[in-house]
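1. Sharing a model prediction with you, sequence too.
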Amino acid sequence: MKLSNATPRALAVALLGWMLATPALAADATPGPSLAGQSRAIDLRLGAQSGLSKSAWSAPVKIHAADAAYIKVHFAQFDLPAGVVLEVSDPKRSEVYRYRKGDLGRYTVDAALGEDGKTRFGAMSVAGDTAVLRLTGTPTEPWAPHHGVRVARYDEGFPQAMMGELSDAGLLNGGGSAKSICGTKDSRPVACYASTDATAVARSKPVALILLNGTKWCTAWRVGPDNRIFTNNHCLDSAADVAGSEFWFNYQATTCAGTTSGALTKVAGDRMLKTNQTLDYTLLTVKNFASISSFGYLSLDVRKPVVGEEIYISGHPDTRMKELSVVSDRDGGGRCKVIDADADGYGTDTDAGYYCDTEGGNSGSPVLARSSHKVVALHHFGGNCNVAAPNRGVKMQLIWPQVSSYFGGVVP
């Protein structure tokens, strides 16, 4: 069975309608996560409650959305007899997630949908425009009337081919200034720097994409050797947001001009440790931490940034695969530099200012000092690309005292 839905162009029309009905955002308005997709209601049931044969109840079911970047399935009921496993995969089975009685594996919990992480939850997303659902195994107890699986909705990612158009129209911005590209767009896929800036490429490995509740997008990164992740408060500001989020590691093109990502490792959010709105940070943990340990971690530079020092930023602008912002034509075409060591953010003098290009989705990106290759600021919003309102990141010098106890008082 294959269930299909609207075309990508229909999504664009809907978004354009939304834009026309929404007042324009002023520069430096409160930012939010970038829009990555939309949810669709569905009523799909799997199981053998009607006395179906195994060949019938184990037949694969496909959910398809033309050209979608990903599909994320939400279960309104999950109750299977022992021995039966539900697989959620892409058609090529590059990603396969398995769910069974007493062992849900990797999943998210969206409280707004009434999910409880037991019988109602979100499967991990699969890349591409088709998700395949299939019941496998042999029941070791009889199928009962209460057994079965019901899909109530799924999320579909906006097609990557449309992202440039949607971004240029201002349709993906989650709030705040969209004027974050200062002059010519200078950020490039990480792989483009493989031979010329190997250290910056290596420091990009711990940087991940956040998929929040299946439809929104930000950047996060591992900090220190233990299970610690940083992002913005305006991306994830509650325990519920953390529980509803996926973190995608290695979502980056394998070549400079490539459109294919390397093999992804996805984990779900676990606990929110600390958050602060003024300094716009959230520190959290993830589930299945061991699976991301190979990506390494970033260290912190908890000093005041210096005007003129070189910096670079790694993140996921406008739902694209990971990019590095290393140079800026506003800095004479050379490496990005700090232009203001005491810029105002949500508080007075809380930020460092720079012309490094950033876009929606870069929220939560690490700003690394070239001198130490450690994180000196946490990027959180763009400005008007002038000295009075540059792009900005909150100084780690101010964040560290609030989170040091989660690192045993030792700067990672």
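-> Structure received.

2. CA atoms for contacts and neighbours, from now on please.
-> OK.

3. Check the offset of stretch 365-377 from the chain's centre.
-> Counting by C-alpha atoms, centre = their mean, to the nearest Å, stretch 365-377 is centred 20 Å from the centre of its parent chain.

4. just the strands in the stretch 251-400 of the chain please.
-> 265-276, 281-286, 311-315, 323-325, 338-343, 351-354, 366-369, 374-381, 391-395 (DSSP state E, counting those that start in this stretch).

5. Sheet-wise, list the partners of the fifth one with their directions.
-> With DSSP bridges as the test, strand 338-343 is paired with strand 351-354 (antiparallel).

6. Include mean pLDDT when you put the strands of the stretch 251-400 of the chain into TSV, please.
-> Converted to TSV, those look like this (pLDDT from 0 to 100):
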stretch	mean pLDDT
strand 265-276	98
strand 281-286	98
strand 311-315	96
strand 323-325	94
strand 338-343	96
strand 351-354	95
strand 366-369	98
strand 374-381	96
strand 391-395	95
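
7. May I ask you to confirm that Ile339 is in contact with Tyr354?
-> Yes: at 5.3 Å, Ile339 counts as touching Tyr354 under the criterion of C-alpha atoms under 8 Å.

8. Which one's more surrounded, the two?
-> With neighbours defined as other C-alpha atoms under 10 Å, Ile339 and Tyr354 compare such that Tyr354 has more, 33 against 22.

9. for that one, what are its contacts?
-> Tyr354 is in contact with 336-340, 390-392, counting by C-alpha atoms under 8 Å, 6 or more residues apart in numbering.

10. cutoff 10 Å now
-> For Tyr354, the contacting residues are 182, 307-308, 310-312, 328, 330-331, 336-341, 343, 367, 382-383, 385-387, 389-393, by C-alpha atoms under 10 Å, 6 or more residues apart in numbering.

11. Over to Ser372?
-> Taking C-alpha under 10 Å, 6+ apart as the definition of contact, the neighbours of Ser372 are 299-301, 311.

12. Which one (most neighbours) among these?
-> Neighbour count (other C-alpha under 10 Å) singles out Ile311 as the most crowded of those, with 26 neighbours.

13. From Gly353, how far off is that one?
-> For Ile311, the distance to Gly353 under the criterion C-alpha to C-alpha, to the nearest Å works out to 11 Å.

14. who touches both of the two?
-> Joint contacts of Ile311 and Gly353 (C-alpha under 10 Å, 6+ apart) are 305, 337-338, 377.

15. just those now: which is nearest Trp57?
-> For Trp57, the closest of the shared contacts of Ile311 and Gly353 turns out to be Ala377, at 52.7 Å, with distances computed as C-alpha to C-alpha.

16. tally of neighbours for the closest one?
-> By other C-alpha under 10 Å, 32 other residues sit near Ala377.

17. intersection of neighbour lists for Ile339 and Tyr354?
-> Any residue near both Ile339 and Tyr354 by C-alpha under 10 Å, 6+ apart counts here, and that gives 307-308, 310, 331, 386-387, 390-391.

18. about what we covered before: quick check, nearest of the shared contacts of Ile311 and Gly353 to Gly244?
-> When these are compared for distance to Gly244 (C-alpha to C-alpha), Ala377 wins out at 25.8 Å.

19. what's around the closest residue to the closest one other than its chain neighbours, how many residues?
-> Using C-alpha to C-alpha, 6 or more residues apart in numbering and skipping residues adjacent in sequence, the residue nearest Ala377 is Lys395, 4.4 Å away. For Lys395, the neighbour count with other C-alpha under 10 Å is 29.

20. for Lys395, what are its contacts?
-> Counting by C-alpha under 10 Å, 6+ apart, Lys395 touches 279, 301-305, 341-343, 345, 349-353, 367, 375-379.

21. Show me just the buried residues among the residues you listed.
-> With burial judged by 16 or more other C-alpha atoms under 10 Å, the buried subset of the contacts of Lys395 is 279, 301-302, 304-305, 341-343, 345, 350-353, 367, 375-379.

22. Show me which of the contacts of Tyr354 are buried.
-> Buried by 16+ other C-alpha under 10 Å: 182, 310-312, 328, 330-331, 336-341, 343, 367, 382-383, 385, 389-393, out of the contacts of Tyr354.

23. Could you find the closest non-adjacent residue to Thr199?
-> Per C-alpha to C-alpha, 6+ apart, closest to Thr199 is His373, 7.8 Å.

24. For that neighbour, give its distance to Ala68.
-> According to C-alpha to C-alpha, His373 stands 36 Å off from Ala68.

25. Mean confidence (pLDDT) on whichever helix or strand Arg134 is part of, please.
-> When secondary structure is defined using DSSP states H and E, the element that contains Arg134 is strand 130-137. Averaged across strand 130-137, pLDDT comes to 96.

26. hang on, the earlier thing: dump the shared contacts of Ile339 and Tyr354 into a markdown table; add distance to Leu86 as well.
-> Converted to a markdown table, these look like this (distance: C-alpha to C-alpha, whole Å):
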| residue | distance to Leu86 |
| --- | --- |
| Val307 | 55 |
| Gly308 | 55 |
| Glu310 | 50 |
| Asp331 | 53 |
| Asn386 | 53 |
| Val387 | 55 |
| Pro390 | 49 |
| Asn391 | 46 |
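
27. What is the lowest-pLDDT residue among these?
-> Asp331 (68).

28. Return, as residue ranges, the portions of the stretch 51-200 of the chain with sub-threshold pLDDT.
-> Residues of the stretch 51-200 of the chain meeting the criterion pLDDT under 70: 51, 164, 168, 170, 173-179, 182-184.

29. at 50 what do you get?
-> When residues are selected by pLDDT under 50, those of the stretch 51-200 of the chain lie in 176-179.

30. ok, which stretches of it are helices?
-> For the stretch 51-200 of the chain, the helices identified by DSSP state H, counting those that start in this stretch occupy 54-57, 163-168, 198-203, in order along the chain.

31. from the ones you listed, which stretch is densest packed?
-> Per residue and on average, the most neighbours among the helices of the stretch 51-200 of the chain fall to helix 198-203, with a mean of 17 (mean count of other C-alpha atoms under 10 Å).
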